[in-house]
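K.L.:
After the sequence you'll find the predicted model.
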Amino acid sequence: MPMFRLILSSLLALAWTASAVAENWPHWRGPTMNGVSTEKDLPTEWSSTKNVAWKVALPGPAGASPVVWNDRVFVTSVDGDKLVLICISTRGKKLWEATVGKGNSRARGDEGNSASPSPTTDGKYVYAMFGSGDVGCYDFEGKKIWNFNLQDRFGRFQIQFGMSSSPVLWKDRLLLQLIHGVWGRGPELAMIAALDKKTGKTLWQKKRLTKAEAENRHSYASPIMYTVGKVDQFITHGADYTIAYDPQTGGEIWRMGGMNPYEGRGYHNTLRFVASPAANEGLVVIPTAKRYPVFAVRPTFKGELDKQKEAVAWTYPRNTPDVPSPLIKDGLVYLCRENGNLMCLDAKDGKLIYEKMTRRDRHRASPVYADGKIFTTSRRGWITVTKAGREFKVLAENSMGDDISASLAISNGTIYIRSFGALWAIRGR
């Protein structure tokens, strides 16, 4: 009997250790929304057959990234005219599919559709939003808790290529960034809002006022959460400004302007933001668009950061990523340009350490860090694995044989890849 108890205790300890090491991936760009994973022993090399644990066909293409909680993977997709949320087990079995809305809309040919925002989960419920404005909450068995269309509540979206920002979960609420508006000098339509995650009721909504004009009123970036000391900041990006809010009240904490100034070289009427900010190691790195600058700010400051010299850590004057979001890790900032060039900057002063070519192709997915490696994903389905650090070294180039615009998800020793045709699980063991 004592031996049985000893064995049982050992097994329980092993199980606890495994669960402690395993990391859920509940949001777009991971648990801290910055593209950094703590997972180890991940495969470096794979293909559409090598190191593939399983592959599940999806009903249509999309740019939404998968999210993972324990033994469940969630992904949104289009299925003809339907907008669907799909649950797949980590063993590769499709468990259920829920129709959240209808009315898929394509954006710029092959560049996107209504399944561009990524879902998010708190481990009990999963929340899905689509470019159509359809948003819903479902339990892990696929039961609908609530569902409605944001345009019915907050007004018609006026955005050229569709609403693509992913929602953010924070404590008891689902936070939304809805940055859109009419061209020219019409009324301000951009807003942020907080929904009660249990009921979908509006807890607060605030206008997001800026001086943006023309196409710049349309943002395709996603917001992030970042904790500064003990203060949580809901960081939004678009309409010429990055603005941080108190997620409890919607009150403004700081804003960063000067990214598309009226003075100097003149105002750029089509500088709409697509790449999202990244926050890590006490720094918020802010991309712009169309080879304009990249800014790094200190979120400990309040008010108008561009008017406070100490609040802006540095500015890199050119070659911002146009779609992929920055990555900050171990004192380095990685920027994946739209052409596949990977840039590495010193996080202290923004000085360029290297700019090297990975796969020469369009890059839409954001880079991910894990296990001392940087994973960058090209539109034609090539995933380049490079060594993290000041020395550029390609470790592997892996082809999935299918188009990809979604960012990778990493959980429990598995790399999840959402291609246009399937969800893949890549494991090295």
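P.N.:
Cool, the structure landed.
K.L.:
for the stretch 301-429 of the chain, which spans come out with low pLDDT?
P.N.:
429 (pLDDT under 70).
K.L.:
show me where it has strands.
P.N.:
Assigned strands in the stretch 301-429 of the chain, in chain order: 303-304, 312-316, 327-329, 332-336, 341-346, 352-357, 368-370, 373-377, 382-387, 394-399, 409-411, 414-418, 422-426 (criterion: DSSP state E, counting those that start in this stretch).
K.L.:
what do you get for the stretch 1-150 of the chain?
P.N.:
Listed in chain order, the strands of the stretch 1-150 of the chain (DSSP E, counting those that start in this stretch) span 52-57, 67-69, 72-79, 82-89, 94-102, 120-121, 125-129, 134-139, 144-149.
K.L.:
Tabulate those strands in JSON lines, adding columns for mean pLDDT and distance to residue 32.
P.N.:
Bear in mind the C-beta positions are built from the backbone N, C-alpha and C, glycine included. Shown next, in JSON lines, are the strands of the stretch 1-150 of the chain (pLDDT from 0 to 100; distance: least, C-beta to C-beta, whole Å):
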{"stretch": "strand 52-57", "mean pLDDT": "98", "distance to residue 32": "25"}
{"stretch": "strand 67-69", "mean pLDDT": "98", "distance to residue 32": "14"}
{"stretch": "strand 72-79", "mean pLDDT": "97", "distance to residue 32": "19"}
{"stretch": "strand 82-89", "mean pLDDT": "98", "distance to residue 32": "23"}
{"stretch": "strand 94-102", "mean pLDDT": "97", "distance to residue 32": "26"}
{"stretch": "strand 120-121", "mean pLDDT": "98", "distance to residue 32": "13"}
{"stretch": "strand 125-129", "mean pLDDT": "98", "distance to residue 32": "18"}
{"stretch": "strand 134-139", "mean pLDDT": "98", "distance to residue 32": "23"}
{"stretch": "strand 144-149", "mean pLDDT": "98", "distance to residue 32": "26"}
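K.L.:
could you dump the strands of the stretch 301-429 of the chain to a markdown table with mean neighbour count and distance to residue 181?
P.N.:
A markdown table is the format used below for these (neighbours: other C-beta atoms under 10 Å; distance: least, C-beta to C-beta, whole Å):
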| stretch | mean neighbour count | distance to residue 181 |
| --- | --- | --- |
| strand 303-304 | 13 | 22 |
| strand 312-316 | 18 | 27 |
| strand 327-329 | 24 | 30 |
| strand 332-336 | 24 | 28 |
| strand 341-346 | 20 | 32 |
| strand 352-357 | 13 | 35 |
| strand 368-370 | 24 | 32 |
| strand 373-377 | 25 | 31 |
| strand 382-387 | 21 | 36 |
| strand 394-399 | 15 | 40 |
| strand 409-411 | 25 | 32 |
| strand 414-418 | 26 | 30 |
| strand 422-426 | 22 | 35 |
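K.L.:
how much space between the closest residue to residue 345 other than its chain neighbours and residue 353?
P.N.:
Nearest in space to residue 345, with sequence neighbours left out and distances taken as C-beta to C-beta, 6 or more residues apart in numbering, is residue 333 at 4.4 Å. Remark: distance between residue 333 and residue 353 (C-beta to C-beta, to the nearest Å) = 9 Å.
K.L.:
cool, and residue 276?
P.N.:
23 Å.
K.L.:
Over to residue 374?
P.N.:
13 Å.
K.L.:
Which residue or residues pair with the residue nearest to residue 345 through a beta bridge?
P.N.:
residue 328, residue 345 (DSSP bridges).
K.L.:
just checking, residue 278 touches residue 329?
P.N.:
No: at 9.7 Å, residue 278 does not count as touching residue 329 under the criterion of C-beta atoms under 8 Å.
K.L.:
Nearest residue to residue 208 in space, please, no chain neighbours.
P.N.:
residue 190 (4.2 Å).
K.L.:
so who does the one you found touch?
P.N.:
By C-beta atoms under 8 Å, 6 or more residues apart in numbering, the residues touching residue 190 are 178-181, 207-210, 212, 217, 219, 238-239.
K.L.:
can you do 6 Å?
P.N.:
Residue 190 makes contacts with 179, 181, 208, 239, as judged by C-beta atoms under 6 Å, 6 or more residues apart in numbering.
K.L.:
Looks like the first one contacts residue 239 (just checking).
P.N.:
Yes: counting by C-beta atoms under 6 Å, residue 239 is a contact partner of residue 179 at 5.5 Å.
K.L.:
Those two - which one has more neighbours?
P.N.:
Taking other C-beta atoms under 10 Å, residue 179 and residue 239 do not tie; residue 179 has more neighbours (29 against 25).
K.L.:
before we move on, back to that, doesn't residue 349 make contact with the residue nearest to residue 345?
P.N.:
No: using C-beta under 6 Å, residue 333 is not in contact with residue 349, being 10.6 Å away.
K.L.:
circling back: what's the separation between the residue nearest to residue 208 and residue 155?
P.N.:
The separation that residue 190 has from residue 155, given C-beta to C-beta, amounts to 11 Å.
K.L.:
ok, now residue 421?
P.N.:
Taken as C-beta to C-beta, the span from residue 421 to residue 155 is 35 Å.
K.L.:
again with residue 399
P.N.:
Residue 399 is 44 Å from residue 155, by C-beta to C-beta.
K.L.:
Residue 379 now?
P.N.:
33 Å.
K.L.:
Could you check which of those two is surrounded by more residues?
P.N.:
residue 379 (20 against 14).
K.L.:
ok, and the closest non-adjacent residue to that one?
P.N.:
Among residues not flanking residue 379 along the chain, residue 362 sits closest, at 4.0 Å (C-beta to C-beta, 6+ apart).
K.L.:
Measure how buried that neighbour is and give me the count.
P.N.:
By other C-beta under 10 Å, neighbour count at residue 362 equals 17.
K.L.:
Phi and psi next, for it.
P.N.:
phi -60, psi 140 (degrees, to the nearest 10).
K.L.:
Run through who's touching stretch 305-316.
P.N.:
Contact partners of stretch 305-316, identified using C-beta under 6 Å, 6+ apart, comprise 254, 256-258, 293-298, 301, 349-350.
K.L.:
Pull out the buried members of those residues.
P.N.:
For the contacts of stretch 305-316, a burial check counting by 16 or more other C-beta atoms under 10 Å picks out 254, 256-258, 293-298, 301, 350.
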